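Novice: predicted model and sequence below, questions to follow.
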Amino acid sequence: MQDANFSKLQSVFADVFKLAPEEITPDLQFGELPAWDSMGHMDLMVGLETAFGIEITAETISALISVPAILAHIQSKHG
């Protein structure tokens, strides 16, 4: 399940930031991509909500600043 989520996550990042999916690495952190700034982060959160069918609250947004953190959050929502 984790691999499927990561592949889907790569697609979301690629769509939001206009990158190739393989540019999204398992340890990517906020700020490591030029487009992953504060505005890009909000676009990413919307993309994640749509792609994974989850709700991301205002409290959670600030914690989801790395691929591992995002994957853990998705995993927790899909149990």
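Specialist: Ah, there it is. Numbering: from 1, shown residues only.

Novice: what's the first-to-last distance across stretch 47-63?
Specialist: Taking CA to CA, to the nearest Å, the span from the opening residue of stretch 47-63 to its closing residue is 16 Å.

Novice: what sits up against it?
Specialist: Applying CB atoms under 8 Å, 6 or more residues apart in numbering, the external contacts of stretch 47-63 come out as 5, 8-9, 11-12, 15-16, 41-42, 45, 64, 69-70, 73-74, 77-78. For the C-beta atoms, the positions are set from N, CA and C on the backbone; glycine is no exception.

Novice: one more pass at 10 Å, please.
Specialist: Residues from elsewhere that reach stretch 47-63 (CB atoms under 10 Å, 6 or more residues apart in numbering): 5, 8-9, 11-17, 30, 41-42, 44-46, 64, 69-70, 72-74, 76-78.

Novice: can you list the buried residues in stretch 33-44?
Specialist: Of the residues in stretch 33-44, those buried by neighbour count under the rule 16 or more other CB atoms under 10 Å are 33, 36, 40-41, 43-44.

Novice: now the two most distant members of those residues.
Specialist: When these are compared pair by pair using CB to CB, the two farthest from each other are Leu33 and Asp43, 12.1 Å apart.

Novice: ok, which stretches of this protein are helices?
Specialist: Chain-ordered helices for the chain, with DSSP state H as the definition, fall at 2-17, 38-52, 58-61, 67-78.

Novice: could you dump those helices to JSON lines with distance to Pro26 and mean pLDDT?
Specialist: Compiled in JSON lines, those are given as follows (distance: least, CB to CB, whole Å; pLDDT from 0 to 100):
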{"stretch": "helix 2-17", "distance to Pro26": "7", "mean pLDDT": "94"}
{"stretch": "helix 38-52", "distance to Pro26": "16", "mean pLDDT": "97"}
{"stretch": "helix 58-61", "distance to Pro26": "20", "mean pLDDT": "94"}
{"stretch": "helix 67-78", "distance to Pro26": "6", "mean pLDDT": "94"}
